[in-house]
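# need a 3D model of the following:
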Amino acid sequence: YLYKIYIISSEFCICNSESDQSTKDKIMKQKLSVFSLLILSFVLLFSCFGFRRIASDTPEAREVYSRAAYDTYAEDIFASRESFPGLIVSIQADNDALYGEENGLLSARYMCSGREGECEIQVFVYDQSGTPLIAQNAGLRISGATSRNAIRKSFRVIARKEYDKQHPKFTYDLWNGRTTLDGAAKPIQEYSSFILHSVRLAMDSTGIHNSVGYSLARKAGIVDASPTTPAAVYINGKYQGAYFLMPAKTDNALAELYNIEKKEDIEVVSVFEEEKTGTQSRPEILASYLTFVDFLQNADMTDPSVIEQVEAQLDVHQCLQYYAVNLLLGNGDWLDNNLRVWRCKDNGLPYQDGKWRFFLFDLDWIGSFSDLVVMNFEQATQSADYHNILPALLKNPEYKKEFTDLIYQMEEDAFTPEVINSVFAKEEERMHDEAAYDFQSEAFTGYLMYSVNSSPLEEKDYITMEDRQILIEDFRNHLVNTPALINNCIENGF
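Presented below is the predicted three-dimensional model:
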């Protein structure tokens, strides 16, 4: 517009003066000078924004685009690599808040939970082309239990009004089409937090354990199995490694997923939290759940009145699904760990009925060896240790038949060699290139080392992408072989 105005005004001056050839030449040079300045301005503007595009022609997308200009590390991040196979997450925070000797979240407070273990950040999420999808202030926490000791940590990113009054929620769907599970199938357009789950040798060594597990679980009928999205994570411009994004498993997240109006109606508890972290954040909820467990383990499961009480307090079908899919996945970090349950006040709506339900989460150690698969099945179906309620349920003949039928149906729907191979191919296609970049990066030591207390790495500790491929093949073969092992256990009686 400035150039057009200048041209018009210049031509007006020429037409209203005794213009000669030298005057025309002078005006033409001025035109070219202004044009050159405008071109230079556009070049500088686009270099500042990394030639990024707006995600969509909406006020929200345009605002995210403008806020992304505050990501001071974006230009260096995008200049550091030829391409990105997945999303890019750039986290900015005060260096002392992250790494300070006394109060740094990553250096001193990584075992803290709740608000004590949270610091304020700016978070920016981009797609492969550099288009900004999320750009706002938020909170950062360490995610996990014993894995908090890891050098490469997992994180929970939390939107809060106190951090960003204009953006108290995240509003971009990072998982391409999540909807509520209450029967309405409403698009989930706002959410409070998400997880950045790290890929490292001790946990999810292939980088696709979790994504394969959740994908197979969805095919097996587990409707709340988490979607995953691969990502490259940077903190203050420094590459942290290959990660994947997934929805959180909190009361807020449950309210969003099941379309529950009041999150205060939801009770969530990690049963073994105290054993893993030294504290239990929800002791009163745990006490309520263990009271139910005690009732169930001592109940006469052939008495119709008892069955009525059980079904008023437990979503039995969902519980049997939970046990069946964990056994078929060969989950080696389960039964005595990673047990999280929830319920919602009875509001007369789907999933708001006061019944206990189970989370499927933390699939880092699925695809176990055959001996562990058999041992898991025996413990799950016969031992009441670790507050295990399946043996009590199986005393009821109808529940026992439903459990075995679920296993056979899941094997048919999700755990055939053809389905497993297809899922592996898809998930490896999504993660392979980021894993390859990770393996060549300075952040790779964080993948290899178990924790901050580990011994220094030696040459023999390093693995290659070829070694990773062997891990993937072992993982795949174990999953393919697991149904036959489970079926043998069923045929031998339990």
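# in the longest strand along the chain, what's buried?
In the chain, taking DSSP state E as the definition, the longest strand is strand 132-143. Buried residues in strand 132-143, defined by neighbour count with 16 or more other Cβ atoms under 10 Å: 132, 133, 134, 135, 136, 137, 138, 139, 140, 141, 142, 143. Where C-beta positions appear, they are placed from N, C-alpha and C, glycine not excepted.
# Serialize those residues to CSV and add fields for pLDDT and distance to residue 177.
Listed next are these as CSV, based on pLDDT from 0 to 100; distance: Cβ to Cβ, whole Å:
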residue, pLDDT, distance to residue 177
132, 96, 20
133, 97, 15
134, 97, 17
135, 97, 22
136, 97, 22
137, 97, 27
138, 98, 23
139, 97, 26
140, 97, 27
141, 96, 27
142, 93, 29
143, 91, 24
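# how many neighbours does residue 168 have?
Per other Cβ atoms under 10 Å, the neighbour tally for residue 168 reads 15.
# name the nearest residue to it, ignoring sequence neighbours.
Spatially, and ignoring its direct neighbours in sequence, residue 168 is nearest to residue 161 (3.9 Å; Cβ to Cβ, 6 or more residues apart in numbering).
# okay if I get the buried residues of strand 132-143 as a markdown table plus distance to residue 169?
A markdown table is the format used below for the buried residues of strand 132-143 (distance: Cβ to Cβ, whole Å):
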| residue | distance to residue 169 |
| --- | --- |
| 132 | 17 |
| 133 | 14 |
| 134 | 11 |
| 135 | 14 |
| 136 | 9 |
| 137 | 12 |
| 138 | 10 |
| 139 | 13 |
| 140 | 16 |
| 141 | 17 |
| 142 | 22 |
| 143 | 19 |
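# ok, which pair from those residues is furthest apart?
Greatest spacing in the buried residues of strand 132-143, by Cβ to Cβ: 132 and 142 (25.5 Å).
# before we move on, back to that, ok, of the buried residues of strand 132-143, which one's closest to residue 153?
Nearest to residue 153 out of the buried residues of strand 132-143 is residue 142 (Cβ to Cβ; 5.3 Å).
# tell me the contacts of that closest one?
Going by Cβ atoms under 8 Å, 6 or more residues apart in numbering, residue 142 touches 105, 106, 110, 111, 117, 148, 153, 154, 155, 156.
# residue 403 now?
By Cβ under 8 Å, 6+ apart, the contact list for residue 403 reads 320, 323, 324, 390, 393, 394.
# quick check, nearest of these to residue 481?
Of all the contacts of residue 403, residue 324 has the smallest distance to residue 481: 17.1 Å, by Cβ to Cβ.
# any idea which element the closest one lies in?
Per DSSP states H and E: residue 324 is located in helix 316-328.
# residues making contact with that helix?
For helix 316-328, the external contacting residues (Cβ under 8 Å, 6+ apart) are 216-217, 220-222, 310, 334, 356-358, 360, 373, 376-377, 380, 389-390, 393, 399, 402-403, 406-407, 410-411, 414-415, 482-483, 486.
# hang on, residue 222 packs against residue 360?
Yes: judged on Cβ atoms under 8 Å, residue 222 makes contact with residue 360 at a distance of 5.7 Å.
# buried set for stretch 293-300?
Buried positions in stretch 293-300, judged by neighbour count with 16+ other Cβ under 10 Å: 293, 296, 299.
# what's the answer for stretch 474-486, then?
For stretch 474-486, by 16+ other Cβ under 10 Å, it's 475, 476, 478, 479, 480, 481, 482, 483, 485, 486.
# off-centre distance for it?
Centroid separation for stretch 474-486 versus its chain: 25 Å, with Cα atoms, centre = their mean, to the nearest Å.
# could I get that stretch in PDB with only the CA atoms?
C-alpha atoms of stretch 474-486 as PDB (Å, rounded to 0.1, in the frame of the first residue of the first chain):
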ATOM      1  CA  ASP A 474      12.000 -59.000  19.700                       C
ATOM      2  CA  PHE A 475       9.100 -56.900  20.900                       C
ATOM      3  CA  ARG A 476       7.000 -57.800  17.900                       C
ATOM      4  CA  ASN A 477       7.700 -61.500  18.200                       C
ATOM      5  CA  HIS A 478       6.800 -61.500  21.900                       C
ATOM      6  CA  LEU A 479       3.400 -59.900  21.200                       C
ATOM      7  CA  VAL A 480       2.700 -62.300  18.400                       C
ATOM      8  CA  ASN A 481       3.500 -65.300  20.600                       C
ATOM      9  CA  THR A 482       1.600 -64.100  23.700                       C
ATOM     10  CA  PRO A 483      -2.000 -65.200  22.700                       C
ATOM     11  CA  ALA A 484      -0.900 -68.800  22.400                       C
ATOM     12  CA  LEU A 485       0.600 -68.700  25.900                       C
ATOM     13  CA  ILE A 486      -2.500 -67.100  27.300                       C
END
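# helices of the stretch 151-300 of the chain, residue ranges please.
209-219, 251-257, 273-277, 283-297 (DSSP state H, counting those that start in this stretch).
# looking at these, spot the one closest to residue 338.
Short answer: helix 273-277, nearest of those by Cβ to Cβ, at 9.1 Å.
# and that closest one, what's buried?
Going by neighbour count (16+ other Cβ under 10 Å), the buried part of helix 273-277 is 273, 277.
# which residues touch that helix?
Helix 273-277 has contacts (Cβ under 8 Å, 6+ apart) with 111, 113, 145, 146, 148, 270, 279, 280, 281, 282, 337.
# between those, which has the most around it?
residue 270 (23 neighbours).
# hey, what's it bridged with?
Residue 270 has these beta-bridge partners by DSSP bridges: residue 340.
# can you count the residues close to residue 92?
20.
# residues contacting it?
By Cβ under 8 Å, 6+ apart, residue 92 lies in contact with 71, 72, 73, 121, 122, 123, 124, 235, 236.
# so which of the residues you listed comes closest to residue 85?
Each of the contacts of residue 92 was scored against residue 85 by Cβ to Cβ, and residue 124 proved nearest at 18.1 Å.
# just the pLDDT for that closest one.
The model reports residue 124 with a pLDDT of 98.
# buried set for the helix or strand encompassing it?
Under the criterion of DSSP H and E, residue 124 resides in strand 118-126. For strand 118-126, the buried set under the neighbour-count rule, 16+ other Cβ under 10 Å, comprises 118, 119, 121, 122, 123, 124, 125, 126.
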